[in-house]
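> Sequence below, structure please.
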Amino acid sequence: MNFENINEHNVMLFAAKHYHNPLGASSEDFYEDLKRFTYVKRLVNKYLQAKDLPDRLILNHLIVIFNVFGPQPACKILELKLDDEHWPVIKPFLIFLRYIENTKYAEIHMNKNVVEALRKI
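Next up is the predicted model:
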């Protein structure tokens, strides 16, 4: 199956193909890890609405996501799952964790408050 363009119809197969949990994951573990994309989106929405940044919780979810799916697949799934309004918040996290280069997603301006919060860590 060609995964150049992932969408809601093939994202599950794409994620399963790239899923690697060194602890010998079950299907329940896979679905729990897949839900982390939704959790990240909710946490970013919470920040955008209430300006309360759960930075460490977002970091934890992103670390697990990138560990079990890998950098390129995780970015592709994030591109599908997140809306344009989420990227100024997520991009600084991805750069902070060194999952992407500063030049990736160059058209997206990073949220200054998020950048400052991450600098304090």
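
> need the helices for this structure, in chain order.
11-18, 27-50, 55-69, 71-81, 87-96, 112-119 (DSSP state H).

> Show the average pLDDT along the first one.
Helix 11-18 shows a mean pLDDT of 93.

> repeat for the fifth one
When the per-residue pLDDT values of helix 87-96 are averaged, the result is 98.

> For it, which helices and strands make contact with it?
helix 27-50, helix 55-69, helix 112-119 (3 or more CB pairs under 8 Å, 6 or more residues apart in numbering; DSSP states H and E). C-beta coordinates here come from the backbone N, C-alpha and C atoms, glycine included.

> any chance of those in TSV, plus mean neighbour count and distance to W87?
Listed next are these as TSV, based on neighbours: other CB atoms under 10 Å; distance: least, CB to CB, whole Å:
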stretch	mean neighbour count	distance to W87
helix 27-50	15	9
helix 55-69	18	13
helix 112-119	14	11
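
> Looking at those, which is nearest to A16?
helix 27-50 (6.8 Å; CB to CB).

> From the contact counts, what lies against that closest one?
helix 11-18, helix 55-69, helix 71-81, helix 87-96.

> Serialize those to a markdown table and add fields for distance to E116.
Formatted as a markdown table, these follow (distance: least, CB to CB, whole Å):
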| stretch | distance to E116 |
| --- | --- |
| helix 11-18 | 33 |
| helix 55-69 | 10 |
| helix 71-81 | 22 |
| helix 87-96 | 9 |
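
> of all these, which lies closest to K35?
helix 55-69 (9.6 Å).

> average pLDDT across the closest one?
Helix 55-69 shows an average pLDDT of 97 in the prediction.

> Output the contacting helices and strands for it.
Using 3+ CB pairs under 8 Å, 6+ apart, helix 55-69 sits against helix 27-50, helix 71-81, helix 87-96, helix 112-119.

> Compare those helices and give me the one nearest Y19.
helix 27-50 (5.7 Å).

> quick one: average pLDDT of that closest one?
95.

> What of stretch 102-121?
Rounded mean pLDDT across stretch 102-121 is 94.
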